[in-house]
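In: here's my sequence, what's the structure:
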Amino acid sequence: MICMKNVNYVINGVLTVLVSVLFILHFSEKKSTSTSDRTISTPFEEFVSKLPVAYLDADTLLLNYYFSVDLNEQMVKEQENAYAIINQQEQNLQRDIESFQFRMQNNAFTSQQRIDQEQQRLTRLQQELQALAEKKAEELMEKNQRMSEQLRDTIYSHLKEYNMMKGYHLIFSTGSSNIVNPIIFADDSYNITDEVIEFLNKKWSPAK
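Out: Here you go, the predicted structure:
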């Protein structure tokens, strides 16, 4: 016999996946902090203060960048639509199960064959609902990934244009968001990859 409790466990489990998808664009509020002014007193400190290096708070950027806000609103609507479809299907299934249980209790079925047929139908509806929930969760995750990539590529592209005016050698990012990398922009002259590879290869010797 179909048990509504088991159906709820299955659907709630899949809906939990949908909840985990929602936020695609990971926002978190940051409290602003103030720093006290200090007097530069040594040549080294003066040199450091003029290094062409900057950083941006990725969380604040994502909260206030219009394109990011727009993508987030799109994703919220996508999730709400998915919830509405799944919840409607779940309610329909619940009504069918309750109707089946009521008829069973009142001996309304004319034969065991009819009972078996109705159980099979409800089982099929349960499987279809689970498949629909999984499909919606997958679609949301894929859309989230596409939006994240689109947002990241747009930020990087515009920051390159921005840096043509500013001339920073390095631009770092801070915050908990994983939309952008810790280093957003770096001048090629800082890339020591080839040198490190050469150094490591010289240190490596095959095991005898």
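In: run a quick neighbour tally on residue 162.
Out: Neighbour count of residue 162, defined by other CB atoms under 10 Å: 13. No exception for glycine: its C-beta is placed from N, CA and C like everyone else's.
In: that one should be in a helix, yeah?
Out: Yes - assessed by DSSP: H, G, I helix; E, B strand; the rest coil, residue 162 belongs to a helix.
In: and it, how close does it get to residue 56?
Out: 10 Å (CB to CB, to the nearest Å).
In: now residue 85: which helix or strand?
Out: Using DSSP states H and E, the element containing residue 85 is helix 66-105.
In: which positions within that helix qualify as buried?
Out: 68, 71-72, 75, 78-79, 82-83, 86, 89-90, 93, 96-97, 100 (16 or more other CB atoms under 10 Å).
In: just the residues you listed now: which is nearest residue 171?
Out: residue 68 (17.6 Å; CB to CB).
In: relative to residue 164, how far out is the closest residue to that closest one other than its chain neighbours?
Out: Excluding its sequence neighbours, the residue lying closest to residue 68 (CB to CB, 6 or more residues apart in numbering) is residue 62, at 4.6 Å. Distance, residue 62 to residue 164, using CB to CB: 23 Å.
In: just confirm residue 55 is within a helix.
Out: No - counting by three-state DSSP, residue 55 is not found in a helix; it is strand.
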